[in-house]
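**Q** Sequence plus the predicted model coming up.
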Amino acid sequence: MDEANDTVNVSSIYTGTPRDIPVYPKKHRFKFHTATLVQSLMSSGDNLGGSFIFLYAISRGSVGVLQGLITAIRELGSALFQPIWGNLSDKFGRRPFLVLGFLVQALFWGVFIPLSVTPLQILLVLLFQTLLGTMVIPSFNGWLGDFTERTTRGRIIGKVGMISSWMALFALLLVSIIMQIQDPNRLYVSTYSLAFIVGAGFYVLAAIVSLFLPERERKSPQSVFTDSLMSSSGQSIQSKYFIRFKIKFDSYIAGFNPEFKRLVIVEGIFKLGWAIAWPLFPYATLDATNGWIEIAVLQITIGISLGISQMIGGTISDKIGRKRVIIWSRLSLIFPPLLAGLAMQYQNIWFLIFSNLLVGLTLGAGTIGLNAMILDIAPEGREGKYFSNFLMLQGLISFSASFIMGLILNLFDSTAPNFYGIIAWLLISVSFLRFLLWFVYFFLPDL
């Protein structure tokens with residue numbers, strides 16, 4: 001299960017004035033292929049790490065609150081620094097932050113995570129990794145906004161997303177086969193390190209290829225904060241700083257248009273029910289699978305269907321609108337916790353395979369529609385800021401929801417014979433919560 005990866009970072013290229021040229025001349029196809037290769041290498045590295053990191057944590061003894069924190073910390077780390085990286089990439093360009101971010105990811109996946117042998121060490125490494133390595137996400141999505149235009153954005157995003165997803169799945173399958181040969185019965189925790197180290201290699205290659213990406217001429221974005229702070233010479237120090245903070249905060253909020261604020265609220269409400277199940281899915285995967293190949297099969301199932309969904313969903317979102325695509329794609333997210341609970345109850349991997357197939361065929365389209373909606377809403381030159389702040393707020397919500405589930409898990413004895421049965425019933429309960437929260441999507445802005 002991997003529904004947590006709900007941000008697609010892909011790109012397309014054309015020259016001339018951004019948002020004005022709907023076709024890509026043949027002479028610029030090399031740049032388009034370069035961007036596709038960067039996204040493919042990034043997806044491969046992320047897929048290898050993301051597919052095994054939570055299972056690795058459980059194998060190292062992570063339970064309860066620690067498991068909730070490890071699941072949520074990537075979201076929190078991303079949330080804290082996304083606005084900073086987004087604003088910096090808007091001002092100084094995308095390429096420097098892409099190269100540096102990929103190298104940071106390679107260092108953490110290839111060195112620090114394999115050396116982490118306790119849940120607390122894994123937690124700390126993931127925290128620093130997400131604080132520094134997440135500069136890639138707003139930089140790449142901001143770069144996407146630089147070189148796409150609204151009428152064809154969804155279709156182009158979907159095409160590149162499909163290519164990168166399939167390359168990432170091929171890499172995962174190849175590494176999983178090697179892991180299965182080395183450790184067919186999943187006896188050695190150290191086997192996970194192979195996936196992490198190979199993933200680090202993909203990040204290094206992504207950093208090298210990123211050097212060939214084009215840069216749009218930067219415009220100086222307007223400051224988020226107002227420079228006209230009122231004089232407060234006759235006020236106390238506490239009052240002066242309170243007024244200054246309030247003015248800055250109000251200016252920050254005013255820096256986003258109403259459509260963006262509504263999108264953040266709607267997605268945030270559903271995110272509570274979405275993210276609260278994330279600490280539970282690794283238990284379902286370990287309980288219902290045997291061997292490394294079966295874990296890879298689950299990822300391949302969702303990856304192939306996700307690629308198809310991105311390809312079709314991008315075109316559909318361009319034609320029928322982002323809102324409809326998002327609404328119906330999020331409907332499918334009601335069922336994965338239910339199917340995961342049934343997989344644990346009946347010890348049957350086919351429930352998880354069907355769940356991943358269902359989610360993949362719809363989630364990709366919804367993610368493409370969501371990313372395209374953010375870029376449609378964002379003013380020109382502020383794409384990085386809008387994306388980073390959206391991810392920040394959603395990350396904070398995801399962290400809170402996952403942490404809450406960690407506290408719930410801490411109420412139960414992880415060594416008890418019925419512990420996995422309790423997790424199964426918690427998963428089933430989350431499905432009903434998601435169903436109730438799904439209706440909020442009808443309040444998305446109409447664009």
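**A** Perfect, thanks for sending it.
**Q** burial measure for the residue nearest to L213 when sequence neighbours are not counted, as a count.
**A** Closest residue in space to L213, ignoring its immediate chain neighbours: R95 at 5.6 Å, by C-beta to C-beta, 6 or more residues apart in numbering. In short, each C-beta sits where N, CA and C put it, glycine included. Neighbour count for R95, taken as other C-beta atoms under 10 Å: 17.
**Q** And I113, by the same measure?
**A** Residues near I113, counting by other C-beta under 10 Å, number 24.
**Q** Which pLDDT value goes with it?
**A** In this model, I113 is scored at 94, pLDDT.
**Q** shaky segments in the stretch 101-250 of the chain?
**A** 144-145, 148-158, 187, 217-250 (pLDDT under 70).
**Q** Break down it into its helices, ranges please.
**A** 113-115, 119-133, 136-146, 153-182, 192-210, 237-254 (DSSP state H, counting those that start in this stretch).
**Q** And the residue nearest to L213, its phi and psi?
**A** R95 adopts backbone torsions of phi -60, psi -40, taken as degrees, to the nearest 10.
**Q** which residues does it contact?
**A** 210-211, 213, 215 (C-beta atoms under 8 Å, 6 or more residues apart in numbering).
**Q** of all these, which comes closest to F399?
**A** S210 (28.5 Å; C-beta to C-beta).
**Q** I'd say the closest one and V99 touch.
**A** Yes: at 5.1 Å, S210 counts as touching V99 under the criterion of C-beta atoms under 8 Å.
**Q** Just want to know which of those two has more residues nearby.
**A** S210 (28 against 20).
**Q** quick one: contacts for the more buried one?
**A** Per C-beta under 8 Å, 6+ apart, neighbours of S210: 38, 95, 98-99, 102.
**Q** With adjacent residues omitted, what lies nearest to it?
**A** L98 is the one closest to S210 (C-beta to C-beta, 6+ apart), at 4.4 Å.
**Q** Tell me how many other residues crowd S305.
**A** S305, neighbours per other C-beta under 10 Å, totals 20.
**Q** What about the nearest residue to it once chain neighbours are set aside, how many residues nearby?
**A** Counting by C-beta to C-beta, 6+ apart, G360 is the residue found nearest to S305 once chain neighbours are left out, at 2.9 Å. Residues within reach of G360, counting by other C-beta under 10 Å, total 25.
**Q** G61 now?
**A** 15.
**Q** Over to N87?
**A** 20.
**Q** OK, contacts around N290?
**A** Counting by C-beta under 8 Å, 6+ apart, N290 has contacts R186.
**Q** go with 10 Å
**A** N290 makes contact with 184-186, 347, 349, according to C-beta atoms under 10 Å, 6 or more residues apart in numbering.
**Q** Can you say which of those are buried?
**A** The neighbour-count criterion (16 or more other C-beta atoms under 10 Å) marks 186, 349 among the contacts of N290 as buried.
**Q** Could you dump the contacts of N290 into TSV with distance to P445 added?
**A** Below are the contacts of N290 laid out as TSV (distance: C-beta to C-beta, whole Å):
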residue	distance to P445
P184	52
N185	52
R186	47
Q347	44
I349	40
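**Q** from the contacts of N290, which is closest to L370?
**A** I349 (29.6 Å).
**Q** Distance-wise, check the closest residue to the closest one other than its chain neighbours relative to T315.
**A** Sequence neighbours aside, A288 is the residue nearest to I349 in space, at 5.0 Å (criterion: C-beta to C-beta, 6+ apart). With distances taken as C-beta to C-beta, to the nearest Å, A288 is found 35 Å from T315.
**Q** neighbour-wise, which of these two wins?
**A** A side-by-side neighbour count of A288 and T315, using other C-beta under 10 Å, places A288 first with 23 against 18.
**Q** show me the contacts for the more buried one.
**A** A288 makes contacts with 294, 298, 340, 342-353, 420, as judged by C-beta under 10 Å, 6+ apart.
**Q** per-residue confidence at it?
**A** 91.
**Q** Distance-wise, check it relative to I276.
**A** Computed as C-beta to C-beta, the A288 to I276 distance reads 20 Å.
**Q** what do you get for I58?
**A** Relative to I276, I58 is positioned 18 Å away (C-beta to C-beta).
**Q** where along the stretch 251-400 of the chain do the helices fall?
**A** Under DSSP H, counting those that start in this stretch, the stretch 251-400 of the chain gives helices at 258-275, 281-288, 292-320, 322-331, 336-346, 349-377, 383-409.
**Q** For Q180, find the nearest of these.
**A** Nearest of the helices of the stretch 251-400 of the chain (C-beta to C-beta): helix 292-320, 4.5 Å.
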